[in-house]
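Novice: sequence unknown, structure follows:
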Ligand SMILES: Nc1ncnc2c1ncn2[C@@H]1O[C@H](COP(=O)(O)OP(=O)(O)OP(=O)(O)O)[C@@H](O)[C@H]1O
Ligand SMILES: [Mg+2]
């Protein structure tokens, strides 16, 4: 089943088209990895899907429903799509637990009482139980990023977007965050990742898309993309990235 | 040849201890020199006896001080009701200046005009205009009280400055915090209330402390329109006793309050600088 579909998405900053007609299909339960050079537009594309950036042209469908209609209230859509950022962006004035409960309380109008057991369970599942009462600045980068993932999951999203979530981490902390993604995949979460972790993409992705000049230049299974890329641009990029 | 020390201190620690001793000796010597010069030289000035008698007269001081303290209580009261009003109005003006809805556009204009006007006029002028102008309308008691309208003048002026500080605080919260909060489905209002404002307010606490200290001093401006607060009380004594010592007493009372407050604000500021690094 097609969960998320992008058709000819155009996003411009000034007269620079960062997305210049992006087509992308993400099936339910799939993990799709976006790769491409720095500045290729991976982050921008994810921000467009979460309606943090309005798109100029094209359309984005979630469960077949057009979510890119200009003037649509973006809140309901964002509540259904979770997003995790490179720089964690936890709220520094709240404990890890309060970070995770804020949106369900405000958006779904639920009480702390009914949320605590449920959200605690999420913390536990990702090995964060003893950090629930701590503030972000008391946590390591890897722990902060896992809390950020839990915060997004607490909204029970249908799709998760991850924007280079391991790029700011010390190498020895990358593994614990990538493990979370594998767990989510096993649970059937639909995920779109912008990533520079080619090894992880090759291992875990269902589909890999190469972004170049504002378009999906080439896409395919990890085997095809990393084993036998067709386009010379893809080959050049991978040669540099895998060096 | 390097030998470990018998005292258990490292070479660097011994060196630093020696440097500290030297710095202490130099600082004490130079301070003592300056104080000695002042104590010796100032009394040599031709007018010293007259100045001492009219500014540092122990008898006058003892006579006026209790009354001055009592009058200072008026300053404290005026301060105590102005400060919360300023905090609330300042925050509302700051928020009004950032509203996005076109229906509330007049609010934006109002906020901008408010801050421009009240930051552009000297406080004493605002106190005069409002403090004399509004009771001049012939309002019945107690609505013609200079306490009310003088306080309002302070509240309006200080709210304008406080609003600008809040705005700077709102801008100081990184935009990625907003993006993260929006991505969770929060509305603009919820993002402001739950995520941006708490951080913004915390960031500007030291600056707002400094505004409070300034307000504490500016309460004295109300003396020009009536209220007998400490500055006015000192003036009464000056006329009565033909002596300026009560002003020195008033200054001392202010310093007892403002110096600790200023130190504390500086301490908060320094801590924030440290945290940010
Ligand atoms: N708000 C903005 N205003 C103007 N230009 C922008 C804005 N955001 C992004 N861009 C531009 O869009 C282009 C794509 O940026 P984007 O961050 O999406 O790339 P990316 O593929 O995520 O790169 P990286 O791998 O470095 O994260 C860049 O050239 C960037 O300068
Ligand atoms: Mg990026």
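Specialist: Nice, I can see it. All values derive from a computational prediction rather than experimental measurement. Ligands and ions are numbered 1, 2, ... in the order given.

Novice: quick one: name the residues of chain A near ligand 1.
Specialist: When proximity is defined by C-beta under 6 Å from any ligand atom, chain A lies next to ligand 1 at A:13, A:18, A:36, A:38, A:39, A:40, A:41, A:42, A:43, A:44, A:164, A:194. Every residue, glycine included, has its C-beta placed from N, CA and C.

Novice: so of those, which ones are in strands?
Specialist: Mapping those onto strands (DSSP state E) picks out A:13, A:18, A:194.

Novice: which of those residues ranks first by neighbour count?
Specialist: Ranked by neighbour count (other C-beta atoms under 10 Å in any protein chain shown), these have residue A:194 at the top, with 24 neighbours.

Novice: so that one makes contact with residue A:40?
Specialist: No. If you go by C-beta atoms under 8 Å, residue A:194 and residue A:40 don't touch, sitting 9.2 Å apart.

Novice: which residue is nearest the centroid of chain B?
Specialist: residue B:213 (1.7 Å; C-alpha atoms, centre = their mean).

Novice: and that residue, what does it touch?
Specialist: B:258, B:261, B:262, B:265 (C-beta atoms under 8 Å, 6 or more residues apart in numbering or on different chains).

Novice: please pick the buried ones from those.
Specialist: B:258, B:265 (16 or more other C-beta atoms under 10 Å in any protein chain shown).

Novice: dump the contacts of residue B:213 to JSON lines, plus pLDDT and secondary structure.
Specialist: Formatted as JSON lines, these follow (pLDDT from 0 to 100; DSSP: H, G, I helix; E, B strand; the rest coil):
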{"residue": "B:258", "pLDDT": "91", "secondary structure": "helix"}
{"residue": "B:261", "pLDDT": "90", "secondary structure": "helix"}
{"residue": "B:262", "pLDDT": "90", "secondary structure": "helix"}
{"residue": "B:265", "pLDDT": "88", "secondary structure": "helix"}
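
Novice: what is the nearest of the contacts of residue B:213 to residue B:239?
Specialist: residue B:258 (26.2 Å; C-beta to C-beta).

Novice: mind listing what that closest one touches?
Specialist: B:213, B:216, B:217.

Novice: likewise for residue A:32?
Specialist: Here residue A:32 is in contact with A:24, A:26, A:191, A:192, A:193, A:205, A:206, A:207, A:208, A:209 (C-beta under 8 Å, 6+ apart).

Novice: for the residue in the stretch 51-200 of chain B that ligand 1 sits nearest to, grab the count of nearby residues.
Specialist: Nearest to ligand 1, among the residues of the stretch 51-200 of chain B, is residue B:175, at 9.7 Å (C-beta to the nearest ligand atom). Number of residues near residue B:175 (other C-beta under 10 Å) recorded here: 9.

Novice: please apply the same query to residue B:145.
Specialist: 15.

Novice: residue ranges with poor pLDDT in chain B?
Specialist: B:1-6, B:276-277 (pLDDT under 70).

Novice: which strands and helices lie in contact with whichever helix in it runs longest?
Specialist: Longest helix in chain B, counting residues (DSSP state H): helix B:58-96. Contacts defined by 3 or more C-beta pairs under 8 Å, 6 or more residues apart in numbering or on different chains; DSSP states H and E place helix B:58-96 against helix B:105-120, helix B:146-172, helix B:197-218, helix B:230-241, helix B:245-276.

Novice: next up, the contacts around residue A:207.
Specialist: Contacts of residue A:207 by C-beta under 8 Å, 6+ apart are A:26, A:30, A:31, A:32, A:33, A:219, A:220, A:221.

Novice: follow-up on the earlier one: as TSV, the ones in strands among the residues of chain A next to ligand 1 with pLDDT would be great.
Specialist: Putting those into TSV (pLDDT from 0 to 100) gives the following:
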residue	pLDDT
A:13	94
A:18	94
A:194	96
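
Novice: all helices of chain A, in order?
Specialist: Using DSSP H, helices in chain A cover A:42-49, A:74-80, A:96-108, A:112-125, A:141-153, A:171-186, A:198-204, A:222, A:232-241.

Novice: ok now the fourth one, how far from the chain's centre?
Specialist: Helix A:112-125 has its average C-alpha position 22 Å from the chain's average C-alpha position, going by C-alpha atoms, centre = their mean, to the nearest Å.

Novice: can you check the shortest one too?
Specialist: Taking C-alpha atoms, centre = their mean, the mean C-alpha location of helix A:222 is offset from the chain mean by 18 Å.

Novice: other residues contacting that helix?
Specialist: A:33, A:201, A:202, A:203, A:205, A:208.

Novice: now do the fifth one
Specialist: With contact meaning C-beta under 8 Å, 6+ apart, helix A:141-153 is reached by A:82-85, A:88-90, A:96, A:99-100, A:102-103, A:119, A:122-123, A:126-128, A:131, A:136, A:139, A:160, A:165-166, A:168-170, A:173-174, A:176-177, A:180, A:184, B:180, B:183-184.

Novice: burial count for the residue in chain A that chain B sits nearest to?
Specialist: Closest residue of chain A to chain B, C-beta to the nearest C-beta: residue A:79 (3.2 Å). Around residue A:79 sit 20 other residues, with neighbours defined as other C-beta under 10 Å.

Novice: hang on, the earlier thing: just the buried residues of the residues of chain A next to ligand 1.
Specialist: A:18, A:36, A:40, A:41, A:42, A:43, A:44, A:164, A:194.

Novice: looking at the residues you listed, which one is closest to residue B:75?
Specialist: Using C-beta to C-beta, these come closest to residue B:75 at residue A:43, 55.4 Å.

Novice: would you list the residues of chain A next to ligand 1 in CSV and tack on distance to residue B:34?
Specialist: CSV is the format used below for those (distance: C-beta to C-beta, whole Å):
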residue, distance to residue B:34
A:13, 61
A:18, 65
A:36, 68
A:38, 60
A:39, 61
A:40, 66
A:41, 66
A:42, 65
A:43, 61
A:44, 63
A:164, 60
A:194, 64
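
Novice: ok, which pair from the residues you listed is furthest apart?
Specialist: A:13 and A:164 (19.1 Å).

Novice: now do stretch B:168-177: distance from first to last residue.
Specialist: Terminal residues of stretch B:168-177 lie 16 Å apart, using C-alpha to C-alpha, to the nearest Å.

Novice: mind listing residues that contact it?
Specialist: A:85, A:87, A:89, A:91, B:94, B:98, B:195-197, B:199-201, B:203-204, B:207.

Novice: which non-adjacent residue is nearest residue 85?
Specialist: Just going to use chain A. In space, residue A:85 comes closest to residue A:163 once its chain neighbours are excluded; the distance is 5.5 Å by C-beta to C-beta, 6 or more residues apart in numbering or on different chains.

Novice: I was after chain B.
Specialist: residue B:155 (4.9 Å).

Novice: test my guess that the one you found contacts residue B:83.
Specialist: No. Counting by C-beta under 8 Å, residue B:155 sits too far from residue B:83 to count as a contact (9.2 Å).

Novice: give me the neighbour count for residue 103.
Specialist: No chain in the question, so chain A it is. 24.

Novice: could you do chain B instead?
Specialist: Residue B:103: 7 neighbours (other C-beta under 10 Å).

Novice: measure it to chain A for me?
Specialist: 16 Å (C-beta to the nearest C-beta, to the nearest Å).

Novice: give me the phi and psi angles of that residue.
Specialist: phi -60, psi -30 (degrees, to the nearest 10).

Novice: tell me the SS of residue B:54?
Specialist: Three-state assignment for residue B:54 (DSSP: H, G, I helix; E, B strand; the rest coil): helix.

Novice: ok, and the closest non-adjacent residue to residue A:238?
Specialist: residue A:229 (6.0 Å).

Novice: picking that back up, report the buried members of the contacts of residue A:32.
Specialist: A:24, A:26, A:191, A:192, A:193, A:205, A:207, A:208, A:209.

Novice: share the number of residues neighbouring the closest residue in space to residue A:138 that isn't next to it in sequence, please.
Specialist: Excluding the flanking residues, the one nearest residue A:138 by C-beta to C-beta, 6+ apart is residue A:131, at 7.9 Å. Residue A:131: 22 surrounding residues under other C-beta under 10 Å.
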